[in-house]
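Chemist: Compute the structure for the input listed below.
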Amino acid sequence: MKEPLVLLPGMMCDARLFGPQIAELSCDTAVMVAPVTMGERIEEIASSLLDILPKRFALAGLSMGGVVAMEILRRAPDRVSRIALIDTHPLAETPVVAANREPQIIKVRSGRMDEVIREEIKPTTLAPGPYRNEVLAPVMDMARTLGPEVYIRQARAMQRRKDQQVTLRRCKVPALIMCGAFDTICPVKRHEFMAELIPYARLHVLENSGHLPTLEQPDETTAALRSWMKQPYVLQ
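Modeler: Prediction:
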């Protein structure tokens, strides 16, 4: 039987981010969505997840989920059979980006979380078209479900994230680097850079998607994940 698939959602998202993929892939694959909500450091989140995840698994993370996935790969490379990094990047926060999170945290503490989420996931971070609002609506619902305390913990974790370039250079398992062509948060160039770092990586750019391809182009995203899951293991 193929290895289980662990999905890590982005900041202020839950399993609904991967709803279409869960529906399609769970017919022949054990699929698990793990929360990235516990801890104020990426290292803490990764450590807590490794305590509950299967012994060996395929790992896919989107945005902040990709950041946590890279830390899991760094800590336990023998447990990750393959990795998919979606609309994310391996670099540490710049001082400017880290500082810009502070006013957002203050707004969230003052009860303005909806405003903050709308500022972070704007319609322009998605591909143009009539379906942007259909994608953004569940994003708001997920954020409201998780609540302000989770936002603050995740913002702190992202502020303190470490550079993972060395981790990717050491990766020896099948790797999928996937992104939307219209992603303005983590642009295509950053994914090209990641694909160059990983010896066995495949780059897949979704031409009609932005930062949330799992919801914007669910069929193409699922097909890419299926292809990645079928790749033979790379000999260590």
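
Chemist: thinking residue 192 is in contact with residue 204, fair?
Modeler: No. Counting by CB atoms under 8 Å, residue 204 is not a contact partner of residue 192; they are 11.5 Å apart. C-beta coordinates here come from the backbone N, C-alpha and C atoms, glycine included.

Chemist: When the two are compared, which one has more neighbours?
Modeler: Remark: of residue 192 and residue 204, residue 204 carries more neighbours, 21 against 13, as counted by other CB atoms under 10 Å.

Chemist: How many neighbouring residues does residue 187 have?
Modeler: 17.

Chemist: which residues does residue 58 contact?
Modeler: 2-6, 80-84, 228-229 (CB atoms under 8 Å, 6 or more residues apart in numbering).

Chemist: Repeat the analysis, applying 6 Å as the threshold.
Modeler: For residue 58, the contact set (CB atoms under 6 Å, 6 or more residues apart in numbering) comprises 3, 5, 81-82.

Chemist: Also residue 228?
Modeler: Contacts of residue 228 (CB under 6 Å, 6+ apart): 84, 176.

Chemist: That one: which element?
Modeler: helix 218-230 (DSSP states H and E).

Chemist: before we move on, the earlier item: drop anything exposed from the contacts of residue 58.
Modeler: Among those, those buried by neighbour count (16 or more other CB atoms under 10 Å) are 3, 5, 81-82.

Chemist: Between those residues, which sits nearest residue 108?
Modeler: residue 5 (31.7 Å; CB to CB).

Chemist: what pairs with that closest one across the strands?
Modeler: residue 31, residue 58 (DSSP bridges).

Chemist: where's it relative to residue 139, distance?
Modeler: According to CB to CB, to the nearest Å, residue 5 and residue 139 sit 22 Å apart.

Chemist: Likewise for residue 43?
Modeler: Counting by CB to CB, the gap from residue 43 to residue 139 is 26 Å.

Chemist: Could you do residue 205 as well?
Modeler: According to CB to CB, residue 205 and residue 139 sit 22 Å apart.

Chemist: more neighbours, the two?
Modeler: When neighbours are counted by other CB under 10 Å, residue 139 comes out ahead of the other of residue 205 and residue 139, with 22 against 15.
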